[in-house]
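>>> model this:
(2 chains)
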Amino acid sequence: MAKKILISDPTLRDGNHAVRHQLSRESFIAYCKAAEAAGVPIVEVGHGNGLGASSLLVGECRLSDDEILAISRQNLTRSRLGIHVIPGFCTIKHDLAKAVEAGVDVFRIASHCTEADITDRHIGYVREAGKEAFGVLMMSHMASPAILLEEAKKMESYGAEAIIIMDSAGAYFPEDVTERISTLVDGLSIPVGFHGHNNLGMAVINSVHAVNAGASIIDGTIRGFGAGAGNTQLEVLVAVFERMGFETGIDLYKILDAADIAEKEFNPVAPSISPLSIVSGLAGVFSGFAKPVGRAAQDYNVDPRDIFFALGKRNAVAGQESLIIEVARDLAAAKGSQLGALQGITGQKG
Amino acid sequence: MHADRYAEIRHDCLTAVASQADVRTKLGFQHIAVTGGTGFLGTWIAETVAALNDECHLGITLDLYARNTGDWAQKYPHLAARTDLRLKSQDVRSPFEFARNTNFVVHAAGIPNNRVHSSDPLRVQQTTVLGMNNALEAATQLDNLVRFLNVSSCLVSGTPTRPGALKESDFFPLACAQLHTIYAESKRAAESLATIYRSQFRMPVSTIRPFTFAGPYQELDRPWALNNFLRDVLTGGDVRIHGDGTARRSYLYGSDAAWWTLAALVNGENGAVYNVGSGNPVSHLELVNLIGERVSPKPRVVTNTAPSKLGRQDDLFPNIEATQRALGVTQTCSLEQTVDKTYRWFVSSR
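Modelled structure (predicted):
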């Protein structure tokens, strides 16, 4: 019997990062229809940072959560509608309750990989509403396999029905994925999934290794549309899984059609692995930082690569965008004082 | 509506106590202290004592100790307003005293909710171990103590490596230094403390090990399988089974659980351990079908199984031969009745 893989497609959520959360109503409609036609099981939508995240700090979304959920729900009948939820951005009363009302099927409740405790009430609320709740551990490369398991077990005890680990920085190599996924598969009694990013060109092969290690849920986005260097490219993933004999339930031709639609509609240039994305992956910093890092580098006249490596040393995570400015300022100051010292030395000599 | 449901509970209690005249006689005019008194078991003990006093004129007095007695009093004024029952606000993690005239102690304080185990392990551990220590110390001050009953947990037996019923003497591996086993490890430590006080101070201590209880006064958000299934049915969605549906549990109704506890309190032997639970196992799939018979249309059942866990028999139910032989107790409420009563309680509570 072919191994079944559940594909979850966050094109209309993670992809929003790639366009500063400016995906249009027409793009949501076109892609929902294309994904549904291809038989994508879960289509995840929303602001790049999830429900309730639209803000000056992490970027204002062109459409409100209400609009996104309503449009997507109207255009998804067979595919399940999913959302990304980070407690803190997303409140239970104002955001989660509305999402339940709007007919969301799958709630992916996420936290930084060492802070699963904050998901307790959100997972509980979703389960109480009779909906499906997955636990998501972001930036999972920052925790050891044992700690990841401990945090995942917390989510399982809160009622999570699957655990997804995210390689938010695209920092993993295949053996890292194998080690973490197999630890989770052995220690949990619920399905385990993997969400890759492509900073080091490893997203597809990492996803294959995840499946070989026992993962049964894999995330992928059309044309890799996503934060930074992009996500695991969905149509490639479907093709590779088909070749490997895994069953995804997705029609290959139709998902290739969806890639064409995405190209015309909202993603004319597929994400590429920019030099900065490579540094982001090496530094283990969230891919979505690429744009604000680029801006800060210009503003403070420092090398963006230095900013990324400095952020990596500080273990910066998504939501700490203000740290980018701080780091850039510190680097500029250090550069200034070095220059000053150099000028001083030169002056003395002169 | 509420009067009806409490009348049914009164009837259930009287059915449970009907056959054991000797236990009723021994309880007559005794003063009982229950820690964790506003929990499921404590509330059912309060209902049972109320029934015995009102219908059999036994003159029992009851002190219920709990951290937060206010909410309970508001929710259940028919119990809180009784003159034979006193509510005492007490966190068992701090030293305390029982009323001087206390004859029996049921130490039921604990946090069985596994959602708390990994999030607040220190509170779980301290409530169990420090709480046990403080309760035993308080009991040493009692001149008229007849019995101290330690309410332990079936989880002290570890993780069964074979299918079938668990006897009191069965022990299986239990990982230490893991957050998710803190509760079970703490309960083991509490049983050791009970042994120490029995041996070193000749305190009359017995232990019961509860398995799964069900019925009114259960909170729907507690993460037990029966609650999950009922909640899914009540919210009108698919019933999602965690696992492949073959896991087996048994369910003892609240009135039987309370009566078996009182029987162990008056007829228990020093140092003895008694399993308290139903001896009739039922698989999750069978249980969901039972629940499904109560609603129309019958809910769709979805299993959620990690592929690597397929085919593993997950059993947790007691062998109750020793308990029945020693205490003479019987199950008066069948599984079908238990499911029906629990379902109707939740329907009327919504």
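>>> Residue B:247: neighbouring residues, count only.
Summarising burial for residue B:247: neighbours were counted as other CB atoms under 10 Å in any protein chain shown, giving 21. Backbone N, C-alpha and C define where each C-beta goes, glycine included.
>>> Now do the same contact list for the residue in the stretch 201-350 of chain B that chain A sits nearest to.
Sorted by distance to chain A under CB to the nearest CB, the residues of the stretch 201-350 of chain B start with residue B:235, at 2.8 Å. Under the criterion of CB atoms under 8 Å, 6 or more residues apart in numbering or on different chains, the contact partners of residue B:235 comprise A:129, A:130.
>>> Kindly report the same for the one 3 residues further on.
Residue B:238 makes contacts with B:232, B:299, B:300, B:301, B:302, as judged by CB under 8 Å, 6+ apart.
>>> want to try CSV for those, with neighbour count and distance to residue B:261 as columns?
Rendered in CSV, the data for those read as follows (neighbours: other CB atoms under 10 Å in any protein chain shown; distance: CB to CB, whole Å):
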residue, neighbour count, distance to residue B:261
B:232, 23, 30
B:299, 20, 34
B:300, 11, 38
B:301, 17, 34
B:302, 14, 36
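>>> so where's the chain uncertain?
No chain specified, so I'll use chain A. Scanning chain A with the threshold set as pLDDT under 70 gives A:1, A:338-350.
>>> ah, I was thinking of chain B
Across chain B (using pLDDT under 70), the flagged ranges come out as B:1-2.
>>> Point out the residues in it that sit beside chain A.
B:114-115, B:117-119, B:178-180, B:220-221, B:223, B:228, B:231-232, B:234-237, B:240, B:242-243, B:304-309 (CB under 8 Å from any CB of the partner chain).
>>> Of those, which belong to helices?
Judged by DSSP state H, helices contain the following of the residues of chain B next to chain A: B:114, B:115, B:117, B:228, B:231, B:232, B:234.
>>> On the secondary structure side, give me the element for residue B:65.
Applying DSSP states H and E as the criterion places residue B:65 in strand B:61-66.
>>> Now a PyMOL select for only the buried ones of the residues of chain B next to chain A.
Typed into PyMOL, the next command selects the buried ones out of the residues of chain B next to chain A (criterion: 16 or more other CB atoms under 10 Å in any protein chain shown):
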select buried, chain B and resi 114+115+117+118+119+178+179+180+220+223+228+231+232+234+235+237+240+242+243+304+305+306+308+309
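>>> what residue is smack in the middle of chain B?
Within chain B, the residue whose C-alpha comes closest to the C-alpha centroid is residue B:41; the distance, by CA atoms, centre = their mean, is 4.6 Å.
>>> Can you check what angle separates whatever helix or strand that one lives in from strand B:61-66?
If you go by DSSP H and E, residue B:41 is part of helix B:40-56. Interaxial angle, helix B:40-56 versus strand B:61-66 (axes from the mean of the first three to the mean of the last three CA atoms, to 10 degrees): 160 degrees.
>>> in helix B:40-56, what's buried?
Applying a neighbour-count criterion of 16+ other CB under 10 Å, the buried positions in helix B:40-56 are B:40-53, B:56.
>>> For chain A, what lies in contact range of chain B?
A:3-4, A:117, A:120, A:124, A:127-132, A:150, A:153-154, A:157-159, A:161-162, A:185-186, A:188-192, A:214, A:216.
>>> go again using 7 Å as the cut-off
Residues of chain A lying near chain B by CB under 7 Å from any CB of the partner chain: A:117, A:120, A:124, A:128-130, A:132, A:150, A:153-154, A:157-159, A:161, A:185, A:188-192, A:214, A:216.
>>> I figured residue B:223 was touching residue B:115, is that so?
Yes: here residue B:223 lies in contact with residue B:115, judged by CB atoms under 7 Å, at a distance of 5.7 Å.
>>> what about stretch B:162-182, start to end distance?
Start to finish, the residues bounding stretch B:162-182 are 23 Å apart (CA to CA, to the nearest Å).
>>> what do you get for stretch B:306-326?
41 Å.
>>> which of the ones in helices among the residues of chain B next to chain A lies closest to residue B:91?
Proximity of those to residue B:91 (CB to CB) peaks at residue B:117, which lies at 18.3 Å.
>>> which residue sits closest to the closest one in space, ignoring its chain neighbours?
In space, and not counting its chain neighbours, residue B:117 is closest to residue B:183: 4.8 Å by CB to CB, 6 or more residues apart in numbering or on different chains.
>>> For that neighbour, list the residues it contacts.
Residue B:183 makes contacts with B:117, B:124, B:128, B:155, as judged by CB atoms under 7 Å, 6 or more residues apart in numbering or on different chains.
>>> Name the residue of chain A that lies nearest to chain B.
Of all residues in chain A, the one sitting closest to chain B is residue A:130 (2.8 Å; CB to the nearest CB).
>>> Contact partners for that residue?
B:231, B:232, B:235, B:236, B:237.
>>> For the closest residue in space to it that isn't next to it in sequence, grab phi and psi.
What sits nearest to residue A:130 in space, not counting adjacent residues and going by CB to CB, 6+ apart, is residue B:235, at 2.8 Å. Note on residue B:235: backbone dihedrals following degrees, to the nearest 10 are phi -90, psi 0.
>>> how close does residue B:235 get to residue B:218?
For residue B:235, the distance to residue B:218 equals 17 Å [CB to CB, to the nearest Å].
>>> Equivalent analysis for residue A:49, please.
With the distance defined as CB to CB, residue A:49 ends up 37 Å from residue B:218.
>>> If you count surrounding residues, which of these two has more?
Ranked by neighbour count (other CB under 10 Å), residue A:49 and residue B:218 place residue A:49 first, with 29 against 20.
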